[in-house]
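Asker: model the following, please.
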Amino acid sequence: MSLSHATEGPDCLETNNNRGYPNSNCYDNNCHGELSVDGITCTSGNYLKCPCGYGCGRHTGKCNENRCNGHNGRCTTNDKGCNCI
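Answerer: Sure thing, here's the model as predicted:
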């Protein structure tokens with residue numbers, strides 16, 4: 001028996017790691033995340049269907065700090081779409 005898992009998009013984890021951030025900027029690399037329904041998913045380019053964020057840094061912050069208002073590991077207000085712990 002084999003198990004399959006749904007993914008966010010084509011190798012999103014690998015592409016995010018290659019970009020050096022938990023989530024890249026939704027405005028970069030032809031991502032156009034600002035055009036997605038949730039505003040934090042790439043709608044075009046090499047990162048189509050991958051998560052993106054706004055103002056993400058190299059370090060993942062805490063979901064309950066800096067007005068991140070994190071839900072399911074991603075900020076929903078400040079640094080919207082960026083990963084948090």
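Asker: contacts and neighbour counts: CA atoms only from here.
Answerer: Fine.
Asker: remind me which residues of this protein are low pLDDT?
Answerer: The chain contains residues with pLDDT under 70 at 1-11, 13-23.
Asker: for stretch 69-77, buried residues please.
Answerer: 69, 70, 74, 75, 76 (16 or more other C-alpha atoms under 10 Å).
Asker: distance from that stretch to the middle of the chain?
Answerer: Distance, stretch centre to chain centre, for stretch 69-77: 11 Å (C-alpha atoms, centre = their mean, to the nearest Å).
Asker: check stretch 40-48 too.
Answerer: On C-alpha atoms, centre = their mean, the centre of stretch 40-48 falls 10 Å from that of its chain.
Asker: can you give me the end-to-end distance of it?
Answerer: 11 Å (C-alpha to C-alpha, to the nearest Å).
Asker: equivalent analysis for stretch 63-81, please.
Answerer: Taking C-alpha to C-alpha, the first and last residues of stretch 63-81 lie 11 Å apart.
Asker: can you redo the buried residues of stretch 69-77 as TSV with distance to residue 51?
Answerer: Conversion of the buried residues of stretch 69-77 to TSV gives the following (distance: C-alpha to C-alpha, whole Å):
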residue	distance to residue 51
69	17
70	15
74	10
75	12
76	13
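Asker: inside strands: which ones of these?
Answerer: Among the buried residues of stretch 69-77, no residue falls in strands (DSSP state E).
Asker: ok, of those residues, which one's closest to residue 37?
Answerer: Comparing the buried residues of stretch 69-77 against residue 37 with C-alpha to C-alpha places residue 76 closest, at 13.9 Å.
Asker: lovely, talk soon.
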